[in-house]
Structure formats: C-alpha cells, structure tokens
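*Asks:* 3D model of this:
(chains A, B and C)
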Amino acid sequence: MTAAFGKDLLGLESLTGDQIRLILDTAEPFKEISERAIKKVPALRGSTIVNLFFENSTRTRISFEFAEKRLSADTVNVSAAGSSVSKGETLVDTARNLEAMRIDMVVIRHSASGAAQFLAERIQSNVINAGDGTHEHPTQGLLDILTLRDRFGDLKGRRVCICGDILHSRVARSNIWGLTKLGAEVAVCGPRSLLPNAIDELGVRIFDRIEEAIEWAEALNVLRLQFERMTAGYIPSAREYNRVFGISRERLDRAKRDVLILHPGPMNRGVEIDSDVADGPHSVILDQVTNGVAVRMAVLYLLAGGKPELAEAAKGGSARGRESGDRE
Amino acid sequence: MTTKTTTVLDARAVERTLKRMSVEIVELNRGTDNLIIVGIQRRGVQLADRLVRMIEGGEGVTVPQGSLDITLYRDDLQTVGPRPVVGPTYLPWELDGKHIVIVDDVLYTGRTVRAALDELADFGRPAAISLAVLIDRGGRELPIHADVIGKKIDVGQGERVDVLVAEVDERTEVVIVPKSAA
Amino acid sequence: MKPIVLRGGMIVDPSQGLNEVGDVLLSDGAVTACGRDIGRPDEVEELDCTGLLVSPGFIDVHCHLREPGREDVETVATGARAAAAGGFTAVCAMPNTDPVTDNQAAVGFIVRQAQRAAAARVYPIGAISVRQEGKVLAEFGEMVGAGAVAVSDDGKPVTSAQLMRTALEYARTFRIPVIDHCEEPTLAAGGAMNEGIVSAQLGLKGIPAEAEEIMVIRDILLARLTGGHVHLAHMSTRGSVELIRWGKERDIKVTAEVCPHHLSLTEECVRGYDTNAKMNPPLRTAADVDALREAVKDGIIDLVATDHAPHHYDEKEREFADAPNGIVGLETALAVVVTNLVEKGYLSFSQLVERMSCTPARIFNLPGGSLRKGGVADVTVFDPSARWSVDASTFLSKGRNTPYDGMTLVGRATCTIVGGSVVYRSGNPAHERERN
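*Replies:* A predicted model of the protein is given here:
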C-alpha cells in the first residue's frame, strides 16, 4: 500500500476532497485515545520527529508534541532561538543536517511562504507544514473542518464565513481550500485593505459588512488580528476594528439563527471577538483545540505508513506475517 | 490449481459452532460473573455480539461487551502502510480483576492477538485474559493459543481463510480462498 | 588581421533594407563589402554561412556584470564572453556594482576590463546619483568622457521626481538617455511577485502592475516637461504599453525595452516557489505577455534587452521571499525571442534584428547596428532553425540562474564577430573549453 496522500502534508490546496475526508475519518478514533487513562498507543514507536519551529508558536507546537507522544514517537523540538539557525545557517543547510541525522519526519513552522515545500523537496523525510508564512496551515484548516463536521455532519452546502485579516492569514487559505473541496460555501469578511485583491477569483463570496456576514453564515471562523497590521498601516486602530468588524453578542443576537463560532487562537478578547461570544454557548473554540491533537495524530499516522519503497521491499515477506482472515 | 473457493462452514454451521463456543466460554469462566467479552475489529466484533446474545439468552443475565481496534498496536505500520480508517475501541469498564475473553474470527500468526494483549494492558490489569476464535488455521509465529476454538482447519501456505458475517458481508459463511485468487 | 569573408549567408540588415543571400567582407575592423558579387578577394579567411543568417551584431543595452564587487558571480570578462556566445557584439553594463559606477574612474575601470577581455564590447552606464542614493547627481559629463553611454540608477527607481527632472535636463547636454527602473517603492515594498490570484494563493506579497505604471507615466511627463530622453527599462505590464503609446503619440522622447522573460513567461512559473522565476519587475499575466509581444511588433516598445542578472547558486537556493531577483539572459535571449516571437508570427527575422541590433545602436548612439560599407565590423551569424536544449551548466556566464534550463528553444548564434575578429564560434574548441 502506498501513502494515502504522498510523502508530505504541505497544504490543503493539493489534496482532493476524498483525501481530506480520509484524514478526518482517521482522526475520529484518535479522539478516543486522548480520553483514555493511558493516552498512548505504540503506532509510531521508533519514529523520530523533529519539530522545527522558526517562528514562535506555543499552541501549535504543543498540539503536535502531544500528538507525536500519544503515538509513541520520539520527538525533538528545535526552535530558531536555540539553534544554529539564529547564527545565520540557511534553511537548506538545516535541512541537510536533519537528513544526516536520519530522522523520519519534520514538522516545520516558518515565516516564509513556501518554506515547507522548499524543505520537502530537499529531504526524504516526511514534512508536515505547521504554517508557512502567509501561505497555508493545513492542520489548522483540518481541525477547523473537523470541528464543523462534528456539528454539521456533511459540509456540503453549509455556509462558513472567515472573518478578519485574510491577506496575511495562512489559516484562511487552508480553510478556503479545504471547505470548498468538501462542498461548503465559503465567504470572507474584513476590511478590504486586509483582503487579497484577487480574492473573488478564489471562489469565495465577499462581505464588506460583518452584519451581512452574520446574517448569511451558519458558522464564523474569526481570525486573530495581528497587531503589526496596525503599525503597517492596513487599518487605523484595534478600537475601530472592534467597532466595525468585532463579533459581539448584540450582532449575533440580531441574526435569525444560531451561528457557530470558531477561532484559531490565540484570541484578542475585545478586538476581533468579545468575551461573551468566545465563552458563549455557540463557541466551539475549545473543541477546536481538542480536535487539533486528533487531526495531527491522524496526519502523522497516515504519513508514517507512507513509505512506498519500504512497502515494496516488504511485500511477499510480510504477506505471510498477516492474519489470513485479515480485513483489507 | 483451482480458483474456486471452498466453503468450510455455512451459515447454519457457524451458528451451531458459536452456540457450542458460548457454552464453553461460560464453562471456562465458571459462570458469567466478572466476564467481559471483547471483539477485535472488525469481524470479531460481530462474532462477539452473537456470542453475547447466546450467553445472555442461555443464562438470563447481561454480559458486558466491548470492542478493540488493534491497528495502532500493529508491528508492521512501516511496511504495510496505514489502515486508512481505524475502527473504534470501546472499553468503558474498569478491567481490573475481570476475566476478558477476546473474540476474533481467525487465529493465524498470533500477531493480532499479541497486539490486542498489548492494547488491553494499556486499559487496566484484568485477572485473566482468554482467547476464543471461530477458526484456528495454524501457522503461529508467536507462543499464543486459543482457549475456545470453533473449528481447526489445515490451510496451505498462501491460501486465505475468509470469515463472512451477515452484519457486514450480507451472508454468513467461512470459506478458503485458494492462492491464485487471493 | 586577416580579412574575413562571410560566404553565402542570408544577409538580414534592416538598416539597408537587405534581406538576401550574399557575402560580407570584413577588413581592418570595418565592413568593406556587403551583398552579392563582392568578388573574390585574396588572402581572406572564408566562413561558410550557408543556411545561416548574417546580421549586424546584437546589442544588449541592459545587463549586470557584477564587477567590481561580486567577481565570484560574474566579471566583465565572463560577462563579455557569455554575451558573445549569445550573439551579442556589445552590451551595456549597469552601474549597480560595488562600489557603484558613479564616477569617471569607475567607468574607466570597466572600459579597461572590457578591452582586456577581447570578447563582446562593454559600454558602461553611469549612475544617475552618487552611490545610487537618489540624492546628489553624479558627474554625467566626466563619466561620458570616460566612456559611459547612458545613466541609470537601475536596481533602484529614481524616487524623487525632482532628481529625475534634473537628470533628464542635465543629460541633454551630453545627448545620453536617462534609463529608469520604474517602480513606485511604497507600493512595491516587500513584494516578491506579481500581485494577483497566484500571489493570493501562494501567500506571497504581490507587486501590483500599477507600481510600474505610476512611474512610467511620471517619467513620460517629466520627459515632456524637460525635453530629455527617458528610456524605460524592462517594461512588464499591458498598462505600461498603453502609457508609452500615449507618450509616443505626443512626440515625447520616450523609448522602452522589454526582456525576453517578460515576453515568454508568466506568474504561473512562480508556483512551486521556484526562485528562478523571481525577478523585478516580476513575471506578470498572460494578458501582459500578449500586450508586450504586440508592442514589440508595433515598435511601441523599441527593443529587447536581457536584464542579465547573475547570482551565486546558493543565493537563489533559499526561501522565495528572501531570494534575490533576476536571471541570466545573455545566452538564451536570441532563442527565447525566436521561439516566442518569430516562431509565433509576431516578428520577422528582419524585425528581430531591428529590435536587437539597429534600434539599440540608434537609441544609445553606439557603433554598429548596420552592415553598411565603412561601418564597424560587428556581425552576428546565427542559425534561425537550430533546436537546442538549454543546459545552464554549459553557460559561459558564471551565473546558472535561469528558468529556461532544460527547455527546448529555437535559434542559436553560431559565430560572433567584433571589430573584425571572431570572438565566438560554436564548435570552436577554444570556446568550448571556456564552457568547462
């Protein structure tokens, strides 16, 4: 059997709807493992995984680390601050050094779009993109979609609006790809200065006013507003952003139906989202965090089996090693 | 070599065999106290289900029943690739001090059972674990034996034993699939 | 030096309206006869040009030779040899060297290095401003005296409209064009590729077409104001073409160039984050490529220039946003133009020679661009139908950064003659040795 979706997970753009469904379906049973007293299965025993984080990210790194440890992999965390990267080593040298240490997988977070692909093309290990610049953050997209699927079932025809800074958001891109591939209707809402000029060509609807977005949507994925956007002059102030685009109780109350609230975190309470919304009954923000571990376990698990050359070599030999009544 | 499959047990024979196995399980456990029946995904789960109904019908008690997916405990992930869909594991009881009877369709190399034993150990410390299989086809690669056996058969290298159950396969039957068709 | 006769080639020389099979005789560094029935002079070296095109030597008005400063990446000598291998008999070297070519000594250095190389001619371009800082005007007069043929702050736009105005006015005295790299810096800041659907998908900061067009119209208006000659480097957008048309219709002294890559590749090449598709101005859309091809055909864009920009291989081997801009172009330019413009019916070979030889010579007031009797003996002989696969590892340039590596193209120089001497000949063991 060859890999379910290639050597690496670089983005949702290159996956088919069936491949995305496969990952989500695989994530389902992994949810239960995190509920056990002993939250560990031996599936990746003996695998070495490097979490290569060139950008700070507590939550994504911890989520990956839990996923890796619950699958019994050996993990090493490399952060830019504590490595030769900060001494000016290039990404290609870092890649070659990792390869020389015979690791099995790399989880990479990097500030440059395309960095994960760059790495994947240069090493044989599996590469998982944990966020590259403003390009994609596929596991975040998958966990958002899994959370929506938990509530909605089939996402076909479901209406999801992504709110905020789409221009600089890798989460937005992965969500747009993933959701549209599963047949959902996707919209974006935010100040035009934070939407890519060509956004309509991505096949999404655009709302200039948050009230219209709330009226239309069944779920809102509220993106974090990066404060450096203000200093770069994209918007005037956090205060005005909250007044014009913030998700507040009052705005939600005016909608005809209940709207599910997602947020990839970490939240700026009182900026893009008000606390009573974040903590309210329709918020699934903590479900997202729980699902994050399950989705990442599924991705690690599916990629770990994906060594076609090993599978080829092992054919014949391992055929005998399998239970004859085994279910294919 | 023929490509025709050979039927070993038909639906009624399977039912008879399971009936006998259910009696043996109760005898092995000296009753139904502390008994938990656990089927291995996937066909083991349906067989466990039938066994539990037979035991409950005969004894007039309720027997706890669980399921176990051993995919994540296999020792061959790197070489055969992942099973895309991992089935659910359902073991909502305290296992300490209980007698667990693992149910599977076919016993062959013993590796699945080895994985099941590992997985059970992560859930608790049962007083005893026994194994009940519908078919024992020989060919063990590990020191594992079944306590309750439906039928022992001799099957050649490369031939495959398929257990079909109506719940998932639309008919119940045990067949031998010859090499060329396998 | 023995006279050379180029025998039996198709002579393509738009400067004399020539398009016929004939012979060209070169002696004492000049063209001494051209056409049919030039006789059989004694003691000549004969070059059989049957089946080949013989034209006035190609002139590239825009390349970066990196010397002084980055001799590891290219030198005047390697650049001049690469030019000759690409069929260019002369190139103009941009002043963004280290130190910047902003004074007569620096200009003189490049002239001397070029003479020593004895390959294609190299004409220095001086900086507009001291250290290309966009503040103080450089000494145009002294630089022209030392051999500079134009001024430019290329690599950087002239952001100050006042400085650009002064440069255009001041350059009139010396009858040289002022070349501008048109890019509105605040709009383009941080940009790595064309702004559009592909940049939105790849998550790369885009440079809108308007960043170029705003400066194009500013420069055209300043040329109108001053009467100076502005030459717009590496045009990349459909909008720029419209603005240049507008300027030319009003007899404003504006000329413009386009690079082979902007005539052949689009932003789609950036998918996969290939840093050899990263350049400034960026590769644009198919509609822009179409408009630029039409503009070269119509003469709205006057000429083709390479913007040859060699980089060390590991400088390109990195994250897309951090990789340097530019590709090498001297050894692929002719073939890219033949493949994308001649083969596709936009240009005749005569028009190709005009855009790559006659017009550059005329606009930059350089020798060559003609095979007229008495003119300089700079000649390009090329095979118009040679199909070849680009192999960057065989380039004479030190640079290997090209998106055309591995592509099959049509048209290749077979012999390049500068001042009556053969400086490149395909299959010549000496030149092949240089390749390795």
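
*Asks:* Counting neighbours, what do you get for the nearest residue to B:Leu164 once chain neighbours are set aside?
*Replies:* Counting by Cβ to Cβ, 6 or more residues apart in numbering or on different chains, B:Glu173 is the residue found nearest to B:Leu164 once chain neighbours are left out, at 4.8 Å. Placement of C-beta: from N, CA and C, glycine included. B:Glu173 is flanked by 18 other residues according to other Cβ atoms under 10 Å in any protein chain shown.

*Asks:* If we look just around chain A, which residues of chain C are in range?
*Replies:* C:195-197, C:199-206, C:208, C:272-273, C:314, C:317-322 (Cβ under 8 Å from any Cβ of the partner chain).

*Asks:* Just the ones of those residues in strands?
*Replies:* Using DSSP state E, C:Gly206 are the members of those that sit in strands.

*Asks:* I'd like to know which of the residues of chain C next to chain A are buried.
*Replies:* C:195-197, C:199-206, C:208, C:273, C:317-321 (16 or more other Cβ atoms under 10 Å in any protein chain shown).

*Asks:* how close does the residue nearest to B:Leu164 get to chain A?
*Replies:* 12 Å (Cβ to the nearest Cβ, to the nearest Å).

*Asks:* swap in C:Glu212?
*Replies:* Counting by Cβ to the nearest Cβ, the gap from C:Glu212 to chain A is 16 Å.

*Asks:* Could you verify my assumption that that residue touches C:Val241?
*Replies:* No. If you go by Cβ atoms under 8 Å, C:Glu212 and C:Val241 don't touch, sitting 10.9 Å apart.

*Asks:* Need the residues touching each of these two.
*Replies:* Residues touching both C:Glu212 and C:Val241 (Cβ atoms under 8 Å, 6 or more residues apart in numbering or on different chains): C:Met235.

*Asks:* Which residue, other than its chain neighbours, is closest to B:Arg137?
*Replies:* Spatial nearest neighbour of B:Arg137, chain neighbours left out: B:Val155 (4.6 Å); criterion: Cβ to Cβ, 6+ apart.

*Asks:* Give me the pLDDT value at the residue lying closest to A:Lys39 once chain neighbours are set aside.
*Replies:* Distances taken as Cβ to Cβ, 6+ apart put A:Arg70 closest to A:Lys39, at 5.3 Å, once the chain neighbours are dropped. Looking at A:Arg70, its pLDDT reads 94.

*Asks:* Check A:Ala3 too.
*Replies:* Reported pLDDT at A:Ala3 in the predicted model: 49.

*Asks:* Buried residues in the host helix or strand of B:Val101, which are they?
*Replies:* B:Val101 is part of strand B:99-107 when elements are defined by DSSP states H and E. By 16+ other Cβ under 10 Å, the buried positions in strand B:99-107 come out as B:99-107.

*Asks:* And stretch C:299-313, by the same measure?
*Replies:* C:300-312.

*Asks:* Could you tell me the end-to-end distance of that stretch?
*Replies:* 36 Å (Cα to Cα, to the nearest Å).

*Asks:* ok, now stretch A:219-230?
*Replies:* For stretch A:219-230, the end-to-end distance is 27 Å (Cα to Cα).

*Asks:* and it, does that touch chain C?
*Replies:* No. Remark: stretch A:219-230 sits outside contact range of chain C, by Cβ under 8 Å from any Cβ, the gap being at least 12.5 Å.

*Asks:* pLDDT on that stretch, on average?
*Replies:* Over the span of stretch A:219-230, the pLDDT mean works out to 88.

*Asks:* And for stretch A:41-55?
*Replies:* Per-residue pLDDT over stretch A:41-55 has a mean of 91.

*Asks:* Only the buried residues of that stretch, if you could.
*Replies:* For stretch A:41-55, burial by neighbour count (16+ other Cβ under 10 Å) applies to A:41-44, A:47-55.

*Asks:* Determine if any part of that stretch is in contact with chain C.
*Replies:* No. Judged by Cβ under 8 Å from any Cβ, stretch A:41-55 makes no contact with chain C; its nearest approach is 9.8 Å.

*Asks:* Restricting to C-alpha, output that stretch in CSV.
*Replies:* Provided in CSV are the C-alpha atoms of stretch A:41-55 (Å, rounded to 0.1, in the frame of the first residue of the first chain):
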residue,chain,number,x,y,z
VAL,A,41,-0.6,3.9,21.6
PRO,A,42,2.6,2.4,20.1
ALA,A,43,1.8,3.1,16.4
LEU,A,44,4.9,5.3,15.8
ARG,A,45,7.2,3.6,18.2
GLY,A,46,10.8,4.1,17.0
SER,A,47,10.0,7.0,14.7
THR,A,48,11.9,10.2,15.2
ILE,A,49,10.2,13.5,14.7
VAL,A,50,11.7,17.0,14.7
ASN,A,51,9.5,19.9,15.4
LEU,A,52,11.4,22.7,13.6
PHE,A,53,9.9,26.0,14.7
PHE,A,54,11.4,29.1,13.1
GLU,A,55,8.5,31.2,14.5
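
*Asks:* Is chain B within reach of that stretch?
*Replies:* Yes. Judged by Cβ under 8 Å from any Cβ, stretch A:41-55 and chain B are in contact via A:41-44.

*Asks:* In strands, which of these appear?
*Replies:* Judged by DSSP E, strands contain none of these.

*Asks:* Just give me the closest of these to chain C.
*Replies:* When the residues of stretch A:41-55 next to chain B are ranked by distance to chain C (Cβ to the nearest Cβ), A:Leu44 comes first, at 29.0 Å.

*Asks:* What does the closest residue to A:Glu185 other than its chain neighbours show for phi and psi?
*Replies:* With sequence-adjacent residues excluded and distances taken as Cβ to Cβ, 6+ apart, A:Glu185 is closest to A:Arg159, at 4.8 Å. Note on A:Arg159: its backbone torsions stand at phi -110, psi 120 [degrees, to the nearest 10].
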